[in-house]
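**Q** Next input, structure requested:
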Amino acid sequence: MAMTGKRRVLYRQGSGFWRMTAKWVLAFGALYLLDGGLLRSWGDALVWPMIGILLWVPFGIGVVWHPKKDQRVELTARELRVRRRRLSMEKVNLLHVARLWLEGRSTADDQPVLEWTRFDRVVWVPLRDGRAFGVEFRDPAAFAKVFGAFAVEACGGPDIVRARAAAETYPDPLPMRPRSARDAGSWPDLLDIFN
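**A** Numbering: from 1, shown residues only. The predicted structure follows:
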């Protein structure tokens, strides 16, 4: 949890650019050390950093990082930001999130959140109007834990959540459908809700 200006940031996921760059440097740095220390001279081993630099732009940035650059997410008490788009918490069905969190379930699948492994997974964020949109996370369980705890607190605590969930009815959130084929490559309709 961090403070940004006057906003309290509950969860932040970057685009992964610096993580990807660090892995790239480690991989080619290790090749340089192995080649220079065990096989050839240090001067001959300089070819590995050169290859790493030459391949970094087309493959490191173009193939590895660019497809995932839109995974930048920030959750505050007032909004959920995906890339530069903002979704007000007033549009999110926090009661549904809190109920699922207390039950140990998720909006993604039937597997309990605590059993999720750390890999890219889409987490569905339910809205009050019955729609839900997917946000891709590298560590979905960490986001679900923060978001679930925040939803329970925002709704007044576990007892109030259980009482409200038993009394209130709301439509089950349905994932939004992607746009038509002529808009291929564009984000699904979920971004329309930010406007």
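**Q** Now whichever strand or helix holds Val123: buried residues?
**A** Per DSSP states H and E: Val123 is located in strand 121-126. By neighbour count with 16 or more other C-beta atoms under 10 Å, strand 121-126 contains the buried residues 121, 123-126. Just so you know, the C-beta spots here come from the backbone N, C-alpha and C atoms, and that holds for glycine as well.
**Q** what's the burial count for Gly36?
**A** 16 (other C-beta atoms under 10 Å).
**Q** ok, the residue lying closest to it once chain neighbours are set aside - contacts?
**A** Take Gly36 and drop its neighbours on the chain: the residue closest to it by C-beta to C-beta, 6 or more residues apart in numbering is Ala45, 3.3 Å away. Contacts for Ala45 were tallied using C-beta atoms under 8 Å, 6 or more residues apart in numbering; they are 31-33, 35-36, 39.
**Q** Also Asp159?
**A** Residues near Asp159 by C-beta under 8 Å, 6+ apart: none.
**Q** now do the one 10 residues further on
**A** When contacts are counted by C-beta under 8 Å, 6+ apart, Thr169 is found next to no other residue.
**Q** cool, and the one 5 residues further on?
**A** Contacts were defined as C-beta under 8 Å, 6+ apart; by that measure Leu174 touches 130-132.
**Q** so it bridges to which residues?
**A** For Leu174, the beta-bridge partners are Arg131 (DSSP bridges).
**Q** In this structure, which residue is most central in space?
**A** Phe137 (2.5 Å; C-alpha atoms, centre = their mean).
**Q** Show me what counts as buried in stretch 142-155.
**A** Residues of stretch 142-155 classed as buried by neighbour count (16+ other C-beta under 10 Å): 143-145, 147-148, 150-152, 154-155.
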